[in-house]
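In: following is a predicted model, sequence given first.
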Amino acid sequence: MKATSEVTRLFAELTNLSSTLNQESDALSELITGFETALCDLKLGVGVSLPKPIREVIWVDEKKNVGGATETFFGFSKGSQGWGLYMWESVRGVGEPVPDSERRLREAPREDRVAAVEHFPAYWRP
C-alpha cells in the first residue's frame, strides 16, 4: 500500500506541475500574439528576420557517413498565412529553407516559441 500512496502523491505533484506549465505556456502565447499584432498594426509591408539561427540541431547520418545541422530561423514576414511571425528551418550551408518547414510562431512547439521570444528585443536594435 505504501507504493500506491507514493504513486498517488507523485501523480498529484505532476498534476500541479502540468497546471503551472500550461499557465506559463498560455502567457507565452498571449505575449507572442500581442507582439505579432503590434507588428502587423504598423503595416510596414517589410519583412525582417534575424541573420543567425535561434536554434540548431546537430545530426549525423551514420549510414551515409555525413553530418550537418538543421538551423531554425525566426522572422516577421508575409508567409503562407499573411503577415506575421514565422519560423522555418534550413540545413546549414545550403541556404534554402527546408520545404514545408514554415510555421506560424504562435502554432510552433513550446520549445521553439520560448527560443523565439528570447530574441524579441533584437527587433528594436539598430
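Out: Perfect, I can see it now. Keep in mind that this is a model prediction, so the values were computed, not measured. Numbering: from 1, shown residues only.

In: which SS class is residue 99?
Out: coil (DSSP: H, G, I helix; E, B strand; the rest coil).

In: quick check: it vs residue 69, distance?
Out: 17 Å (C-beta to C-beta, to the nearest Å). Using the backbone N, CA and C atoms, a C-beta is placed for each residue, glycine as well.

In: the more surrounded of the two?
Out: residue 69 (14 against 8; other C-beta atoms under 10 Å).

In: pretty sure the more buried one is touching residue 57, no?
Out: Yes: with contact defined as C-beta atoms under 8 Å, residue 69 counts as touching residue 57 (6.5 Å).

In: and the longest helix belonging to the chain, what does it pack against?
Out: Identified as the longest helix of the chain according to DSSP state H is helix 2-41. For helix 2-41, the packing partners by 3 or more C-beta pairs under 8 Å, 6 or more residues apart in numbering; DSSP states H and E come out as strand 82-91, helix 110-117.

In: what ranges of this structure fall below the confidence cut-off?
Out: Along the chain, the model assigns pLDDT under 70 to residues 1, 94-95, 123-126.

In: look up the closest residue to the spatially most central residue of it, ignoring the ones flanking it.
Out: By C-alpha atoms, centre = their mean, the chain has its centre lying nearest to residue 112, at 1.9 Å. Nearest residue to residue 112 in three dimensions, chain neighbours excluded: residue 87, at 5.7 Å (C-beta to C-beta, 6 or more residues apart in numbering).

In: what sits against the one you found?
Out: 72-74, 101-105, 108, 112, 116 (C-beta atoms under 8 Å, 6 or more residues apart in numbering).

In: turn these into JSON lines, including secondary structure and distance to residue 38.
Out: Converted to JSON lines, the contacts of residue 87 look like this (DSSP: H, G, I helix; E, B strand; the rest coil; distance: C-beta to C-beta, whole Å):
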{"residue": "72", "secondary structure": "strand", "distance to residue 38": "23"}
{"residue": "73", "secondary structure": "strand", "distance to residue 38": "21"}
{"residue": "74", "secondary structure": "strand", "distance to residue 38": "16"}
{"residue": "101", "secondary structure": "coil", "distance to residue 38": "25"}
{"residue": "102", "secondary structure": "coil", "distance to residue 38": "21"}
{"residue": "103", "secondary structure": "strand", "distance to residue 38": "20"}
{"residue": "104", "secondary structure": "strand", "distance to residue 38": "16"}
{"residue": "105", "secondary structure": "helix", "distance to residue 38": "14"}
{"residue": "108", "secondary structure": "coil", "distance to residue 38": "19"}
{"residue": "112", "secondary structure": "helix", "distance to residue 38": "20"}
{"residue": "116", "secondary structure": "helix", "distance to residue 38": "15"}
